[in-house]
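**Student:** build me a structure from this.
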Amino acid sequence: MLSGLRVLDLSTERGFLCGQILGDLGADVVKIEPVGGAPGRALPPFLGDRRGPDNSIYWLAYNRNKRGITLDLESQRGRALLKRLVEKADFLIESENPGRMAECGLDYAALRAVNPALIYVSITPFGQDGPKTGYADSDLIVMAAGGVLILYGDEDRAPIRMSVPQAYLHASADAAGAALIAYYERMSSGRGQQIDVAAQESIGPANQSTALAGLIAGEQTQRMAGGAKLGALRVPLVWRCKDGQVSCVFLFGSALGVFSRRLVDYLFSQGACDQAMKDTDWIGYGAKLLSGAEPMANYERFQAVITAWLMGHTKAELFEIARAHNLLIAPIATMADVRANPQFKAREYWQTVAHPGGTSLVYPGPFARLSATPITIRRRPPMTGEHYHEILGGELGLSAGELAALATQGVI
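**Tutor:** Okay, here's the model as predicted:
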């Protein structure tokens, strides 16, 4: 889809996924790392617990479909080489703290003078300006600032962090989408622009509507492990079943009550609930509970009915029932479940990719199935500085002697 477009990916681990998405869509992505390799190569976990710049699973997960070089952007020569690459680039991705690229003379204003059509993508914790621009960051900090951690953990203690970092994955995906919007605009105007993505802002939409409750004087959702609280109403979202856990949405109102209606109708058809439960108005039920018009004990009785029914079925059985009857029930998958998922197998989702030394690794495959321009894994993640001969030599015309001198000087 993006064949013929060039991306310069200067990002830290904050922005790895952005470049990979554009690479998956066909762009030629050049990953530019500091001399010696990106710090992201040292992030655990590691393949077989073998530490090393090419064994970080985090690095491998988010850097496929890229070529790689190293450049010392603290040096004048390194910056000059980057600007030569910028001349023919369509996108540049960076994720340094605000002001850092300007200190190096590589901010958007400087590079726009080199290439007015450049789409310059910046990914930061809190944006390029504003009251939190200089704040320290981590996944825990950004996820909390985005509002979503208010619901994570047990109700009688502080929130907990996500087990796997998520904030910059949201930000990277948003940045890739924004970059494509900017490219679409450039097709008309011929002009580039800067994309400013704040990870905190990216987390907000991922929080659904719960962050808006206070602004509209609504009932605020409170933390409850495996679910959420709305005043006295305790809503489970994680339920046990015969062989693990499922997510089952048993809620009310015009948006979700229709699914509860279908679920209860199915339970009644199977003899799993009584007539009183079947005849309940699930659209208006939440308002009755919160107002006290409906005793909470009745809702708890209905929950017990669903609990007993779920415990009689496996995750796979419940998923098939949900598909057949359009219910909001989905298995909570273990890694073994994901690997054995029949849909993934049918889509040939898992891809075996060759690595140096005669080894191979299994990677997640295309995030979308495109007919005219199918996504493929064209390249494994690059080793440190792997492609400097073909990029700096073949494309910029540097001789072998010049490359050797740059290596000796620590520029590449």
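
**Student:** show me the contacts for the residue nearest the centre of the chain.
**Tutor:** Centroid check for the chain by C-alpha atoms, centre = their mean gives residue 169 as the closest residue, at 3.3 Å. Neighbour list for residue 169: residue 17 [criterion: C-beta atoms under 8 Å, 6 or more residues apart in numbering]. No exception for glycine: its C-beta is placed from N, CA and C like everyone else's.

**Student:** wait, is residue 259 part of a helix?
**Tutor:** Yes. Counting by DSSP: H, G, I helix; E, B strand; the rest coil, residue 259 is part of a helix.

**Student:** nearest residue to it other than its sequence neighbours?
**Tutor:** Distances taken as C-beta to C-beta, 6 or more residues apart in numbering place residue 328 nearest to residue 259, at 4.6 Å, with adjacent residues excluded.

**Student:** just after the particular helix or strand that has the residue nearest to the centre of the chain in it, pick out the following helix or strand.
**Tutor:** Using DSSP states H and E, the element containing residue 169 is helix 167-189. Remark: after helix 167-189, the chain's next helix or strand is strand 193-198, criterion DSSP H and E.

**Student:** what are the pairing partners of that following strand, and which direction each?
**Tutor:** Here strand 193-198 is paired, per DSSP bridges, with strand 119-124 (parallel).

**Student:** follow-up on the earlier one: the helix holding residue 169 vs strand 119-124, what angle?
**Tutor:** 160 degrees (axes from the mean of the first three to the mean of the last three C-alpha atoms, to 10 degrees).

**Student:** residue boundaries of the strands in the chain?
**Tutor:** Along the chain, counting by DSSP state E, strands occupy 6-9, 28-33, 66-70, 91-94, 119-124, 193-198, 221-224, 227-230, 233-236, 238-241, 244-248, 329-331, 351-355, 359-363.

**Student:** for the fifth one, give the mean pLDDT please.
**Tutor:** The predicted model gives strand 119-124 an average pLDDT of 98.

**Student:** how about the third one?
**Tutor:** Strand 66-70 comes out with an average pLDDT of 98.

**Student:** how about the helices of the stretch 251-400 of the chain, start to end?
**Tutor:** 253-269, 275-278, 285-291, 296-311, 315-325, 335-340, 342-346, 388, 400-408 (DSSP state H, counting those that start in this stretch).

**Student:** quick one on the thing from earlier: a markdown table please, covering the strands of the chain and showing distance to residue 144.
**Tutor:** As requested, the strands of the chain are exported to a markdown table (distance: least, C-beta to C-beta, whole Å):
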| stretch | distance to residue 144 |
| --- | --- |
| strand 6-9 | 28 |
| strand 28-33 | 30 |
| strand 66-70 | 31 |
| strand 91-94 | 25 |
| strand 119-124 | 17 |
| strand 193-198 | 14 |
| strand 221-224 | 12 |
| strand 227-230 | 17 |
| strand 233-236 | 22 |
| strand 238-241 | 22 |
| strand 244-248 | 23 |
| strand 329-331 | 27 |
| strand 351-355 | 35 |
| strand 359-363 | 31 |
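
**Student:** kindly reformat those strands as a markdown table containing distance to residue 83 and mean neighbour count.
**Tutor:** Formatted as a markdown table, those follow (distance: least, C-beta to C-beta, whole Å; neighbours: other C-beta atoms under 10 Å):
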| stretch | distance to residue 83 | mean neighbour count |
| --- | --- | --- |
| strand 6-9 | 11 | 24 |
| strand 28-33 | 12 | 24 |
| strand 66-70 | 14 | 22 |
| strand 91-94 | 11 | 27 |
| strand 119-124 | 13 | 26 |
| strand 193-198 | 17 | 21 |
| strand 221-224 | 50 | 18 |
| strand 227-230 | 51 | 17 |
| strand 233-236 | 55 | 17 |
| strand 238-241 | 52 | 17 |
| strand 244-248 | 50 | 18 |
| strand 329-331 | 49 | 20 |
| strand 351-355 | 33 | 13 |
| strand 359-363 | 34 | 12 |
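
**Student:** how far away is residue 274 from residue 300?
**Tutor:** Residue 274 is 15 Å from residue 300, where distance means C-beta to C-beta, to the nearest Å.

**Student:** please apply the same query to residue 89.
**Tutor:** Using C-beta to C-beta, residue 89 is found at 60 Å from residue 300.

**Student:** of the two, which one has the most company?
**Tutor:** residue 89 (23 against 10; other C-beta atoms under 10 Å).

**Student:** quick one: residues contacting that one.
**Tutor:** Counting by C-beta under 8 Å, 6+ apart, the residues that residue 89 touches are 6, 7, 8, 115, 118.

**Student:** from the residues you listed, which single one is nearest residue 207?
**Tutor:** residue 7 (29.5 Å; C-beta to C-beta).

**Student:** give me the pLDDT value at the closest one.
**Tutor:** What the model reports as pLDDT for residue 7 is 98.

**Student:** in the sheet, who's paired with it?
**Tutor:** Beta-bridge partners, per DSSP bridges, of residue 7: residue 29, residue 91.

**Student:** where does the protein dip in pLDDT?
**Tutor:** Scanning the chain for pLDDT under 70 picks out the ranges 208.

**Student:** most remote residue from the middle of it, which is it?
**Tutor:** Max radial position in the chain (C-alpha atoms, centre = their mean) goes to residue 275, at 44.1 Å.

**Student:** give me the neighbour count for the residue nearest to that residue when sequence neighbours are not counted.
**Tutor:** Closest residue to residue 275 apart from its sequence neighbours, by C-beta to C-beta, 6+ apart: residue 268 at 7.6 Å. Using other C-beta under 10 Å, the number of residues around residue 268 comes to 15.

**Student:** cool, and residue 292?
**Tutor:** Residue 292, neighbours per other C-beta under 10 Å, totals 9.

**Student:** show me the contacts for it.
**Tutor:** Listed by C-beta under 8 Å, 6+ apart, residue 292 has no contact partners.

**Student:** next one: it from residue 231, what distance?
**Tutor:** Separation of residue 292 from residue 231 (C-beta to C-beta): 10 Å.

**Student:** thinking again about what came up before, of the helices of the stretch 251-400 of the chain, which is nearest residue 94?
**Tutor:** helix 388 (19.7 Å).
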